[in-house]
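K.L.:
fold the stuff below for me.
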Amino acid sequence: MSFNKPRGGSAQNNVCGGPRNNNSDEQVVIKAVADFNGASHRASRSGDLSSNLVLSPLSLATVLALVSAGAGGKTQTQIQSALSLPQDQCQIRSGFNQLLAQLNKTSGVILKVFDAVYVDRSSSVQQSFITVAHQYYSANVTQEDFRTNPSAAIVDINDWVEQATNGTITDIVGPG
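P.N.:
Numbering: from 1, shown residues only. Model (predicted):
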């Protein structure tokens, strides 16, 4: 996927007027995530049952929706179709924004949803994608030198994950 080529419907068309307060947007996303949960659970059960697999359909759906915001054309349509999301990027962004905000403020439950996008320094990233990632998905977009200094990138990613999880997860990415 290329983050630097303008395409119709992608992050550069982020004129949504900021997050909206539309309950129907959130409901569309909740239904899509629930449907995706069922499909991903069925797919995960079809593999090797002896393997350990932890899958967060919400996290996966959120990341895929964020990727669709940076994609365009057929790629964007395919991602949205796989997630049973509408074609309206503003509705998708608003729905995820509302859902994530609601989950992060639920009392009596500690649930933290964190997302980040790491891109090689050799790729240009449009400011509009960075804005959409931050404004709607509370995600950071960081450029790393994966080609010539992958070990430093691994340290940075693992440090971010460790900080985001309050030390619960320390080494999510290993060498190689």
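K.L.:
where does N97 land in three-state SS?
P.N.:
Per DSSP: H, G, I helix; E, B strand; the rest coil, the local secondary structure of N97 is helix.
K.L.:
now it: how far from R42?
P.N.:
N97 sits at a distance of 28 Å from R42 (criterion: CB to CB, to the nearest Å). C-beta coordinates here come from the backbone N, C-alpha and C atoms, glycine included.
K.L.:
okay, the two: which has more neighbours?
P.N.:
Using other CB atoms under 10 Å as the criterion, N97 and R42 rank with N97 on top: 22 against 9.
K.L.:
distance check, that one against V28.
P.N.:
Look at N97 and V28: by CB to CB, they are 12 Å apart.
K.L.:
also L66?
P.N.:
16 Å.
K.L.:
who has more neighbours out of the two?
P.N.:
Higher neighbour count among L66 and V28: L66, with 25 against 21, using other CB under 10 Å.
K.L.:
now do the same end-to-end measure for stretch 60-79.
P.N.:
12 Å (CA to CA, to the nearest Å).
K.L.:
ok, and for it, which residues are buried?
P.N.:
Buried residues in stretch 60-79, defined by neighbour count with 16 or more other CB atoms under 10 Å: 61-72, 75-76, 79.
K.L.:
now do stretch 157-169
P.N.:
Applying 16+ other CB under 10 Å to stretch 157-169 flags 157-158, 160-161, 164 as buried.
K.L.:
just stretch 79-96 next, same as before
P.N.:
Within stretch 79-96, the residues that count as buried by 16+ other CB under 10 Å are 79-80, 83-85, 89-96.
K.L.:
could you dump those into a markdown table with distance to F114 and secondary structure added?
P.N.:
Conversion of the buried residues of stretch 79-96 to a markdown table gives the following (distance: CB to CB, whole Å; DSSP: H, G, I helix; E, B strand; the rest coil):
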| residue | distance to F114 | secondary structure |
| --- | --- | --- |
| I79 | 21 | helix |
| Q80 | 23 | helix |
| L83 | 20 | coil |
| S84 | 24 | coil |
| L85 | 21 | coil |
| Q89 | 22 | helix |
| C90 | 23 | helix |
| Q91 | 23 | helix |
| I92 | 19 | helix |
| R93 | 18 | helix |
| S94 | 20 | helix |
| G95 | 19 | helix |
| F96 | 14 | helix |
